[in-house]
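J.: With the input below, show me the fold.
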Amino acid sequence: MKRSIAIACAVLAAAGCCKRQSCDRGAAPVSVAALAAAPATYADRTVAVTGILGNAGGNYFTDLRVVLTDSTGTALSVQPWLPTSVPPPRPGGPRPRPAVLSDYLGKTVKLTGCLRRDGDALSFEVQQAEIVMEENKQ
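T.: Below you'll find the predicted structure:
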């Protein structure tokens, strides 16, 4: 019995059913630099921020550290909101693959969500993501 309760709690937590308090309504546009400079001003408020989504870690699967970077190099930590991979479809016909995080990496994206304090660090909790530009020219 205890094991099934523990499994149920883990499944609910992984599915995002037990999230912290929600942000306020309305997404004010804000820059990455403004969020980084005055995080207390934007904490627990819904904001929309645009930048290039990337992995500051060394490896996508073993050292994933998602960040949103602006043109000046200012970076904001982002909590992954999508899975990193999905299993292949079952035999019997093509089915569209659900979105994974790598679909957004290296692209200019507009993220809507909340800035949250996680201990001493700040991270952005994504509620909605939109690809603004498919390819970033370096």
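
J.: Okay, now the unreliable bits of this structure?
T.: Filtered on pLDDT under 70, the chain yields the residue ranges 1-26, 135-138.

J.: Let's see that with 90 instead.
T.: Of all residues in the chain, those with pLDDT under 90 make up the ranges 1-28, 36, 39-45, 87-97, 115-123, 133-138.

J.: Correct me if wrong: Trp65 contacts Val78.
T.: Quick fix: residue 65 is Arg, not Trp. No: using CB atoms under 8 Å, Arg65 is not in contact with Val78, being 9.1 Å away. Just so you know, the C-beta spots here come from the backbone N, C-alpha and C atoms, and that holds for glycine as well.

J.: who has more neighbours, those two?
T.: A count of neighbours by other CB atoms under 10 Å puts Val78 above the other of Arg65 and Val78, at 25 against 14.

J.: Next, the contact list for that one, please.
T.: Applying CB atoms under 8 Å, 6 or more residues apart in numbering, one finds that Val78 lies in contact with Leu53, Val66, Val67, Leu68, Leu111, Ser123, Phe124, Val126.

J.: mind redoing it with 6 Å?
T.: Applying CB atoms under 6 Å, 6 or more residues apart in numbering to Val78 gives the contacts Val66, Leu68, Phe124.

J.: Closest one of the residues you listed to Gly93?
T.: Set against Gly93, the nearest of those by CB to CB is Val66 (32.9 Å).

J.: which element is the closest residue to the closest one other than its chain neighbours on?
T.: Distance criterion CB to CB, 6 or more residues apart in numbering; nearest residue to Val66, sequence neighbours excluded, is Val78 at 4.4 Å. Per DSSP states H and E, Val78 falls inside strand 75-79.

J.: partners of that strand in the sheet?
T.: Strand 75-79 sits in its sheet next to strand 66-69 (antiparallel), strand 121-133 (parallel), going by DSSP bridges.

J.: Most tightly packed of the ones you listed?
T.: strand 66-69 (a mean of 20; mean count of other CB atoms under 10 Å).
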